[in-house]
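Student: Following is a predicted model, sequence given first.
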Amino acid sequence: METARYGQGKRYKVAGIPGVSARSFDRLTGHEGANAWLAKAQHEASSGEFIDPRRGEMLLRVYIEKEWWPNKAYDDPATRNTVHSRVWTHILPHLGSLQLNAVKTPQLKTWLTTVKALAGPGTINEAWNYLASILQSAVDDERITKNYCRAQKSVRPPARPSPKPRAWNKERVLAVREAMDPRFQVAVDIGVGAGLRAGEVFGLSLADIDEEGERILVRRQIKKIGAKLCFALPKGQKTRTVPVPGYLLKRISEHLAARPAQMVSLPWSDPAPGTTDRERELRAPQEHALILCGPTGGGMRRDAWDTRIWKPALAKAGVIPAPKETSQPIATRPGAVRTVRKYAESRENGFHALRHTFASVQLDAREPIVAVSNWLGHENAAITLRIYAHMMPEADGRGRAAMQAWFEG
């Protein structure tokens, strides 16, 4: 006699394999499906390679939020913010609703097509690498058997753009400097005369200028993490010393005579309150007499520098087009409007152009590549050579003359 459960449930069950959870199969899958699963599970279990496919049914979003992200540790909070931004902006909205074991080649192709319309090649390349890391963690956690970001070559992210850096000529450097508010012109002098990054210029203190030794000590930078500023070690987590000409020291002295250094206090490394005594000790505020401060005092903010000081000077000097102006209502003042200026993106004409100019002058003077690398704060000379090889002077026959002398000697 048929019961109320007749025709319901699953008919076949595979159990008893060490290390493998039991699995049931319905009538449609049938006896053949159960036997195939049994053979596969026995073989992979005996070789220690069995991964239950049911572990890969977790949604990508859940895996990232519950397992991957909580276990990621970053010493640099700025790096942590960048990774979080890329994953939550470019991965989760498009792939988060998929199961881990469903992120395969077709899904990756669709995802790349989508994000190419939303972001540039560099950002997409970073997002791809983070996704590859996430899927590899899922492989290591035995949730999936294959990382399709690394397992095939039929779909790849766009190459990270690597344009050759270009140095500015002296006329352009001077034109941009003269187009700038006199309060901030010293930043151009330091950038082109010592090769410092923008954040390192902002963090430069009176005590870092060694006039007697004709050098600058690069010991900190100002970083923006979230909406707050902090002092931190220069990029690469190492300090350095840069020899500078007397002319630059004179420019700095003239700037300080007109605008004395200001004491600025900022947390060290991370503006977030520490959760342990050790963190609170490491992040304790430091006070330095900064050579360059923000328009209203305090530490210079990179976004304010770019939009209020640097880009207006570039436009005034004719390096970039004039900004597009639009009117926007002011929410707190009914009927009032404000003018908003939007400048064209021009990465090749960022503050780094001054650093490239410094490097080109040093290399053209045939300073050793190792020395230039140290002055720029690169991890090693190979990085400097990769970036600036095209700036190195052509061979002038000195090697040929040396070989001639060797043979004749």
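Tutor: Structure received. In this text, all values refer to a predicted model and were calculated from it rather than measured experimentally. Numbering: from 1, shown residues only.

Student: how's this protein carved up into domains?
Tutor: 12-50, 62-140, 164-323+338-409 (automatic domain parsing).

Student: can these go into JSON lines with extra columns for mean pLDDT and distance to Ala331?
Tutor: Using the backbone N, CA and C atoms, a C-beta is placed for each residue, glycine as well. What follows is the domains of the chain, written out as JSON lines (pLDDT from 0 to 100; distance: least, C-beta to C-beta, whole Å):
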{"stretch": "domain 12-50", "mean pLDDT": "55", "distance to Ala331": "58"}
{"stretch": "domain 62-140", "mean pLDDT": "91", "distance to Ala331": "26"}
{"stretch": "domain 164-323+338-409", "mean pLDDT": "91", "distance to Ala331": "10"}
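
Student: Any chance of those in JSON lines with distance to Lys146 and mean neighbour count as columns?
Tutor: Putting the domains of the chain into JSON lines (distance: least, C-beta to C-beta, whole Å; neighbours: other C-beta atoms under 10 Å) gives the following:
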{"stretch": "domain 12-50", "distance to Lys146": "12", "mean neighbour count": "13"}
{"stretch": "domain 62-140", "distance to Lys146": "7", "mean neighbour count": "16"}
{"stretch": "domain 164-323+338-409", "distance to Lys146": "33", "mean neighbour count": "16"}
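
Student: Among the ones you listed, which comes closest to Gly56?
Tutor: When these are compared by C-beta to C-beta, domain 62-140 sits nearest Gly56, at 3.2 Å.

Student: Looking at the domains of the chain, which is nearest to Pro158?
Tutor: By C-beta to C-beta (comparing all of the domains of the chain), the closest turns out to be domain 62-140, at 4.0 Å.

Student: Leaving out the residues flanking it, which one is nearest to Trp375?
Tutor: In space, and not counting its chain neighbours, Trp375 is closest to Val242: 4.8 Å by C-beta to C-beta, 6 or more residues apart in numbering.

Student: What is the helix or strand the one you found falls within packed up against?
Tutor: Here Val242, judged by DSSP states H and E, is contained in strand 240-243. Strand 240-243 is packed against strand 215-218, helix 369-376, with contacts defined by 3 or more C-beta pairs under 8 Å, 6 or more residues apart in numbering; DSSP states H and E.

Student: so the residue nearest to Trp375 sits right up against Glu200, yeah?
Tutor: No. Look at Val242 against Glu200 with C-beta atoms under 8 Å: they stay out of range, at 9.8 Å.

Student: which neighbours do those two share?
Tutor: Val218 (C-beta atoms under 8 Å, 6 or more residues apart in numbering).

Student: could the helices and strands packed on strand 240-243 be laid out in JSON lines, adding distance to Ala382?
Tutor: Below are those laid out as JSON lines (distance: least, C-beta to C-beta, whole Å):
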{"stretch": "strand 215-218", "distance to Ala382": "21"}
{"stretch": "helix 369-376", "distance to Ala382": "8"}
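
Student: mind listing what the residue nearest to Trp375 touches?
Tutor: Contacts of Val242 by C-beta under 8 Å, 6+ apart are 194-196, 215-216, 218, 375.

Student: of those residues, closest to Pro77?
Tutor: Val218 (21.0 Å).

Student: So the closest one sits against Lys235, correct?
Tutor: No. With contact defined as C-beta under 8 Å, Val218 does not reach Lys235; the gap is 10.0 Å.

Student: returning to what we had before: with distance to Ser154 as added columns, please give the domains of the chain in TSV.
Tutor: Compiled in TSV, the domains of the chain are given as follows (distance: least, C-beta to C-beta, whole Å):
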stretch	distance to Ser154
domain 12-50	25
domain 62-140	6
domain 164-323+338-409	29
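
Student: closest to Tyr148 out of those?
Tutor: That would be domain 62-140 among those, by C-beta to C-beta, at 5.0 Å.

Student: so after the lengthiest helix in the chain, what's the next helix or strand?
Tutor: Criterion DSSP state H: the longest helix present in the chain is helix 121-140. Once helix 121-140 ends, the next helix or strand along the chain (criterion: DSSP H and E) is helix 170-178.

Student: That next one - contacts with which helices or strands?
Tutor: Packed next to helix 170-178, using 3+ C-beta pairs under 8 Å, 6+ apart, are helix 185-194, helix 311-316.

Student: for the longest one, the distance to its chain's centre please.
Tutor: Right, helix 185-194. 24 Å (C-alpha atoms, centre = their mean, to the nearest Å).

Student: Run the angle between it and helix 170-178 for me.
Tutor: Counting by axes from the mean of the first three to the mean of the last three C-alpha atoms, to 10 degrees, helix 185-194 lies at 150 degrees to helix 170-178.

Student: contact partners of helix 185-194?
Tutor: Under C-beta under 8 Å, 6+ apart, the answer for helix 185-194 is 168, 173, 176-178, 180, 196, 198, 201, 204, 216, 218, 242, 244-245, 247-248, 251-252, 255, 291-292, 351, 354-355, 357-358, 375.

Student: Need the CA coordinates for that helix. CSV is fine.
Tutor: What follows is helix 185-194, C-alpha atoms only, in CSV (Å, rounded to 0.1, in the frame of the first residue of the first chain):
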residue,chain,number,x,y,z
GLN,A,185,56.3,76.6,-4.9
VAL,A,186,58.9,75.0,-2.7
ALA,A,187,57.2,71.6,-3.3
VAL,A,188,58.2,71.9,-6.9
ASP,A,189,61.7,72.7,-5.9
ILE,A,190,62.0,69.7,-3.7
GLY,A,191,60.2,67.3,-6.1
VAL,A,192,62.5,68.1,-9.0
GLY,A,193,65.6,68.8,-6.9
ALA,A,194,65.5,65.7,-4.7
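
Student: any idea which helix or strand comes after that helix?
Tutor: helix 198-202.

Student: Run the chain-centre distance for that following helix.
Tutor: Using C-alpha atoms, centre = their mean, the offset of helix 198-202 from its chain centre is 17 Å.
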